[in-house]
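Participant: model the following, please.
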Amino acid sequence: MKWIVPVAEPVLGGRERKLLARVMAEGRITQGRFVRDFENLVAQFCGVAYAAAMSSGTAAVHAALLALDIQKGDEVLTSPLSCIASANPILFQGAKPVFVDIDPLTYNMDLNQIEKKITRRTKAILAVHLLGKPLDMEAILRIAKRRKLFVIEDACQSFGALYQGKATGTFGDIGVFSFYANKIITTAEGGMAITRNAKLYRKLCSVRNLGQENRPFHHPWIGGNYKMSNLHAAIGVAQMDQVDSFIARRRTHAAEFSQAFSRLRQIRQLPIESMHERHVYFAYPIELESPALKRKLENSLHKAGVETRPLLSVIPNEPSYRRLGFSGRAVPQAMKSYKRTLYVSC
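Facilitator: Below is the predicted model of the structure:
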């Protein structure tokens, strides 16, 4: 059916078409000046020195793990409630994702449970800012510093979100964004890894290009073909002109949703925003008192032409992870929240 309010609908206009036409006319469709321009715009927007464009958010997460030398047998703490792309690259490295159950108020990792999951094999924390809501990065960094762990921020859904006045993605060793069609800004397919560390930046640039460095066909690192094309980057350059208006629109829609849905007694929880943060509302989650009420609201919204989605995935409960010995039973709060919650688009 054609939704009156779809979950995702990218805003594309004349400037995107104009820049794409310029790329086609110039003939430089792979790596080119729009990639560099887009990287510079993202770095400036986030307030960091370095940004490396990637072919997807998943590729950027994997490149970050490669750059930090996460290896077979290492453990990486992360959220069980997320897009599965946040955890899969850990498995690509032969490492083990260790799932920290969520805080039921934020759907982000429960900070009080993180240290309980750390072992001698723990190498990093992959912190997910779910649905555009910032995680408490000061607490994460205190733990990481005390336990000598790397921090990767999966800010794929939180481009432009702020915590304590700083952009998500800028607190850890490496931050990662996605620019898929449903994200805050889009390049159709694409991602970015950002860092303040020059050495990590050079390695990110190497591993996105098959591990090549300094000269053709010299490969000091294991890497993949994770480069962003000039075509995708041109869309990104045009989108960056509008990023502030995109975020403002999402925040306005979220306020309108909160006003409307707060009238329903069966609502258990709506999104919250603390005074220390700016939420960018990649999506607007609505938690009901029971799974049955969730289904009832879902049916009502669908009849009204409003598309809904489940609250992403409880990753250890997915069939592909259960076959590896993981289980949703290990993260009971994530399971409860997932069963009672849906989201709509902002």
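Participant: quick one: the helices in the stretch 51-200 of the chain?
Facilitator: 57-67, 88-92, 137-147, 198-207 (DSSP state H, counting those that start in this stretch).
Participant: nearest to residue 17, of those?
Facilitator: Among the helices of the stretch 51-200 of the chain, helix 57-67 comes nearest to residue 17, with 24.5 Å by Cβ to Cβ. Every C-beta, even on glycine, is put in place using the N, C-alpha and C of the backbone.
Participant: what sits up against that closest one?
Facilitator: Contacts with helix 57-67, where a contact means Cβ atoms under 8 Å, 6 or more residues apart in numbering, come from 52, 54, 76, 85-86, 88-90, 92-93, 95, 124, 126, 152, 154, 156, 174, 176-180, 191-193, 200, 203-204, 207-208, 221-224, 226.
Participant: what's the angle between it and helix 198-207?
Facilitator: If you take axes from the mean of the first three to the mean of the last three Cα atoms, to 10 degrees, helix 57-67 sits at 120 degrees to helix 198-207.
Participant: with adjacent residues omitted, what lies nearest to residue 206?
Facilitator: Distances taken as Cβ to Cβ, 6 or more residues apart in numbering put residue 213 closest to residue 206, at 4.4 Å, once the chain neighbours are dropped.
Participant: for that neighbour, which three-state class applies?
Facilitator: Using DSSP: H, G, I helix; E, B strand; the rest coil, the structure places residue 213 in coil.
Participant: that one: what's it in contact with?
Facilitator: 202, 206, 219-221.
Participant: can you select the buried ones from those in ChimeraX?
Facilitator: Selection of buried members from these for ChimeraX, criterion 16 or more other Cβ atoms under 10 Å:
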select :206
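Participant: can you lay out the contacts of residue 213 as JSON lines showing pLDDT?
Facilitator: Shown next, in JSON lines, are the contacts of residue 213 (pLDDT from 0 to 100):
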{"residue": "202", "pLDDT": "97"}
{"residue": "206", "pLDDT": "97"}
{"residue": "219", "pLDDT": "93"}
{"residue": "220", "pLDDT": "92"}
{"residue": "221", "pLDDT": "92"}
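Participant: biggest separation within the contacts of residue 213, which pair?
Facilitator: Farthest apart among the contacts of residue 213 by Cβ to Cβ are 202 and 219. That separation is 14.1 Å.
Participant: right, and the helices of the stretch 51-200 of the chain - which one's nearest residue 251?
Facilitator: The minimum distance between residue 251 and those falls on helix 137-147, with 20.4 Å, by Cβ to Cβ.
Participant: longest helix anywhere in this structure?
Facilitator: helix 243-261 (DSSP state H).
Participant: same for that one, what does it pack against?
Facilitator: Under the contact criterion of 3 or more Cβ pairs under 8 Å, 6 or more residues apart in numbering; DSSP states H and E, helix 243-261 touches strand 284-288.
Participant: chain center to stretch 63-80: distance?
Facilitator: 16 Å (Cα atoms, centre = their mean, to the nearest Å).
Participant: can you check stretch 132-148 too?
Facilitator: Distance of stretch 132-148 from the chain centroid (Cα atoms, centre = their mean) equals 16 Å.
Participant: which of the residues in that stretch are buried?
Facilitator: Those would be 132-137, 140-141, 143-144, for stretch 132-148 by 16+ other Cβ under 10 Å.
Participant: okay if I get those residues as CSV plus distance to residue 262 and pLDDT?
Facilitator: Compiled in CSV, the buried residues of stretch 132-148 are given as follows (distance: Cβ to Cβ, whole Å; pLDDT from 0 to 100):
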residue, distance to residue 262, pLDDT
132, 19, 98
133, 18, 98
134, 22, 98
135, 25, 97
136, 25, 96
137, 29, 97
140, 31, 98
141, 34, 98
143, 35, 98
144, 37, 98
